[in-house]
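> Predicted model, plus sequence, below.
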Amino acid sequence: MARYNGPKTKISRIFGEPILGNGKWLGKNSNPPGQHGATRKRKSLGEYALQLREKQKAKYTYGVLERQFRKTFEEASRRKGVTGENLIKLLEARLDNTVFRLGIAPSRPAARQLVSHKHVEVNGEVVNVPSFQLRPGDVISIKEGSKGRTSITSQVRGKNPKFSWLDWNEAELKGTFITYPERENVPENIKEQLIIELYSK
């Protein structure tokens, strides 16, 4: 798959935000990447560049490729309600993202790997598709045969209480996707309206 496997800090420096990690190096070197760093004269971004940049930020944040992101947008536009909010809801309902939100994996790439390697079940059945769309009421759990692996269980840290659309049972290593989240509850700094404007051209 054509996924970005380069330095995470470089991507964070492009956007000026720790979108692919904790961003501990941003304070040390927050200049955009490039040969001349801060000394390079940079033009202010135009309307199209800002819209494209926001789409790229969303793609990097959720680890989605272009074609898949486009399909997700088209599905969001078909649904009732605000397209931008629907887009965020669909991205949040991805299985790999939910595994990350539940605290089963420390990052989205790690969650993607867990799902791909068949360590995760949805409603008691193994699902190895990271982009699998969850529905309200779906139960996500670590496969019974994988619960004995310390390499997996040692990474489990539990759900952040602010993610109210998810429920986590630490004793059973099981979580529930209760409902689609409201936009104001999703912490990602993504201006989805710019993405809508880009695809509306």
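Alright, I've got the coordinates. Only a predicted model underlies this, so the values are computations on that prediction, with no experimental measurement involved.

> what packs against the host helix or strand of Trp168?
Element membership for Trp168 (DSSP states H and E) is strand 166-169. In this structure, strand 166-169 makes packing contacts with strand 174-177, judged by 3 or more Cβ pairs under 8 Å, 6 or more residues apart in numbering; DSSP states H and E. From N, CA and C alone the C-beta is placed, and that goes for glycine too.

> For the strand it packs on, enumerate the helices and strands it packs against.
Going by 3+ Cβ pairs under 8 Å, 6+ apart, strand 174-177 lies up against strand 138-142, strand 166-169.

> So what are the sheet partners of the strand holding Trp168 and their directions?
Here strand 166-169 is paired, per DSSP bridges, with strand 174-177 (antiparallel).

> Quick check: buried residues in whichever helix or strand comes after the partner strand?
Going down the chain from strand 174-177, the next helix or strand is helix 192-199, by DSSP H and E. Across helix 192-199, burial judged by 16 or more other Cβ atoms under 10 Å covers Glu192, Leu194, Ile195, Ile196, Glu197, Leu198, Tyr199.

> same check, this time on stretch 159-174
Quick answer for stretch 159-174 (16+ other Cβ under 10 Å): Lys159, Phe163, Trp165, Leu166, Trp168, Leu173, Lys174.

> now those residues as TSV including pLDDT and distance to Leu134?
As requested, these are exported to TSV (pLDDT from 0 to 100; distance: Cβ to Cβ, whole Å):
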residue	pLDDT	distance to Leu134
Lys159	85	15
Phe163	94	13
Trp165	96	10
Leu166	96	10
Trp168	94	14
Leu173	90	17
Lys174	93	14
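
> among those, which two are most distant?
The most widely separated members of the buried residues of stretch 159-174 are Trp165 and Leu173, with 19.0 Å between them, by Cβ to Cβ.

> re earlier: with respect to Glu17, which of the buried residues of stretch 159-174 is nearest?
Phe163 (19.6 Å).

> Could I get the contacting residues of the residue lying closest to that closest one once chain neighbours are set aside?
Once flanking residues are discounted, Phe163 sits nearest to Arg101: 5.3 Å by Cβ to Cβ, 6 or more residues apart in numbering. Listed by Cβ atoms under 8 Å, 6 or more residues apart in numbering, the contact set of Arg101 reads Glu92, Lys159, Asn160, Phe163, Leu166.

> wait, the last one sits on Val99?
Which is Leu166. No. Using Cβ atoms under 8 Å, Leu166 makes no contact with Val99, being 10.5 Å away.

> what's the helix or strand bottoming out on mean pLDDT in the chain packed up against?
The least trusted helix or strand in the chain, going by mean pLDDT, DSSP states H and E, turns out to be helix 8-15, with a mean of 71. Taking 3+ Cβ pairs under 8 Å, 6+ apart as contact, the helices and strands that helix 8-15 lies on are helix 47-62.

> same question for the next helix or strand after the helix it packs on, mean pLDDT?
Next helix or strand after helix 47-62 toward the C-terminus (DSSP H and E): helix 66-78. For helix 66-78, the mean per-residue pLDDT is 95.
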